[in-house]
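Peer 1: return a 3D structure for these sequence lines:
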Amino acid sequence: MLFKGTTTRPRGFVDRDVEGVGGRMNAGTSLDYTFYHAVLPAPRAVATIEMLADISVNSILDETELELEKKVVLEEMRLSEDSPQRHLARQFYGVVFGSHPYSRPILGTADIIQTLTRDTLLAFYRRHYVPESFALVVVGPVNPTETLRAAERTLGRLPRSGFQRLSGSAPASLTPKRVDDPRPGAFAYLGMGWLGPRLDHADTPAVDLLVSILGQSRSSRLPQSLRERLALVNSVGSDYTAYEAGGVIMVTAQLEAPNLARAEAEILRVVQRLREQGVTDAELRRAITQAEAEHAFRSETAEGRARLLGHAETVWRLAEELAYIDRVRSVTSEQVRLAARRYLDPERYGRLAFVPPAR
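Peer 2: Numbering: from 1, shown residues only. Sure, this is the predicted structure:
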């Protein structure tokens, strides 16, 4: 909605002022924050700061445009549900996070979107889109003095609202839960998971490496055991997402429905062996190398670097982001084993399976 016109910029300003000079502009929302990003030629940096400041406080939120945008969001919801992997991940948060706000879908529900009014949207906009909530990140071959002056002249002059952003409460301890959800399709999809440490926790680097060793490459333990050795799954992997108030560790697999019980048991056996025996030096070195490569890839462009720094400045700390890879490099094999014992309890986990109907 913020791209649909402001009090001084008519509808279509993105096409004219951004795409018309070879740039692009978009937005996204996570469970912790919303971000707006633009990639344009460096000489357009000041004009882009002015544009971002304008849409941040002067968007008109036209009612006709709102009704059109609601249809777009409802279609996004439908498409997400069409993808078993994406839908599993989203539904799984409800299993792991329980009543915590992280269990709620980012897009909301169809009922909420359908009944959303301009008055409700405008009230949210006025409450949350205030200078105390903004973080501006500019990366590229720009003039620092001119850039700072532009920020001070625009965002810096906005009247303060007194709004204070509250830190999110930590999720309660996980209540073991098992859910089987019938879903048409050729394959079953299995999700198993645990609560993990929050973004700024001292254990976060060790858990990142733990999850990499578990299932983020073909040589990781879960793919080697479940796919290559036992042929129980078509694919299997692990993931760890750290948020401001908590984190989630997930193992997901695509497989034939008759293999669900055996696959779940084997995943738990792999986890238990890791808890008891730890990881090898070779596994740790590979995981650290993979973390270094992924971080370098995410930050190799101006856009990627801006996103990393903006994320840190908004819900983390900039100094922690800049030092993170060094912290990863300092993790020991014993710290990874202790992280497995602390977070991967084979007796307490959430489980969600999409199961095709019997043939």
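Peer 1: please count neighbours and contacts with C-alpha atoms only from this point.
Peer 2: OK.
Peer 1: can I get the CA coordinates of the strand or helix carrying V179 in CSV?
Peer 2: Assessed by DSSP states H and E, V179 sits inside strand 177-182. The C-alpha trace of strand 177-182 is given here as CSV (Å, rounded to 0.1, in the frame of the first residue of the first chain):
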residue,chain,number,x,y,z
LYS,A,177,2.7,-32.3,20.1
ARG,A,178,2.0,-34.7,17.2
VAL,A,179,-0.3,-33.7,14.3
ASP,A,180,-1.2,-35.7,11.2
ASP,A,181,-2.9,-33.5,8.6
PRO,A,182,-4.5,-35.2,5.6
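Peer 1: mind checking the pLDDT average for the helix or strand following it?
Peer 2: Note on strand 177-182: by DSSP H and E, the next helix or strand toward the C-terminus is strand 188-196. Regarding strand 188-196, the rounded mean pLDDT is 98.
Peer 1: centre of the chain to the strand holding V179, how far?
Peer 2: How far strand 177-182 lies from its chain's middle: 24 Å, per C-alpha atoms, centre = their mean, to the nearest Å.
Peer 1: which parts of that strand are buried?
Peer 2: Neighbour counts over strand 177-182 (16 or more other C-alpha atoms under 10 Å) mark no residue as buried.
Peer 1: same for it, what does it pack against?
Peer 2: If you count contacts as 3 or more C-alpha pairs under 8 Å, 6 or more residues apart in numbering; DSSP states H and E, strand 177-182 packs onto strand 350-355.
Peer 1: touching the strand it packs on from outside, list them.
Peer 2: 88, 92, 95-96, 174-184, 187-194, 257 (C-alpha atoms under 8 Å, 6 or more residues apart in numbering).
Peer 1: partners of that strand, with directions?
Peer 2: Strands that pair with strand 350-355, judged by DSSP bridges, come out as strand 177-182 (parallel), strand 188-196 (antiparallel).
Peer 1: other SSEs contacting the following helix or strand past the longest one?
Peer 2: Next helix or strand after strand 188-196 toward the C-terminus (DSSP H and E): helix 204-215. Applying 3+ C-alpha pairs under 8 Å, 6+ apart, we find helix 204-215 packed against helix 221-222, strand 235-242, helix 281-298, helix 318-329, helix 333-343.
Peer 1: for helix 204-215, give the mean pLDDT please.
Peer 2: Here the average pLDDT along helix 204-215 is 98.
Peer 1: likewise stretch 178-185?
Peer 2: 94.
Peer 1: so, low pLDDT: which residues of the stretch 151-300 of the chain?
Peer 2: Low-confidence segments of the stretch 151-300 of the chain (pLDDT under 70): none present.
Peer 1: now with 80, please.
Peer 2: Scanning the stretch 151-300 of the chain for pLDDT under 80 picks out 165-168.
Peer 1: do the same with the stretch 1-150 of the chain
Peer 2: Applying pLDDT under 80 to the stretch 1-150 of the chain flags no residue at all.
Peer 1: all strands for it, in order.
Peer 2: 24-29, 34-39 (DSSP state E, counting those that start in this stretch).
Peer 1: for L107, which residues are in contact?
Peer 2: By C-alpha under 8 Å, 6+ apart, the contact set of L107 is V73, M77.
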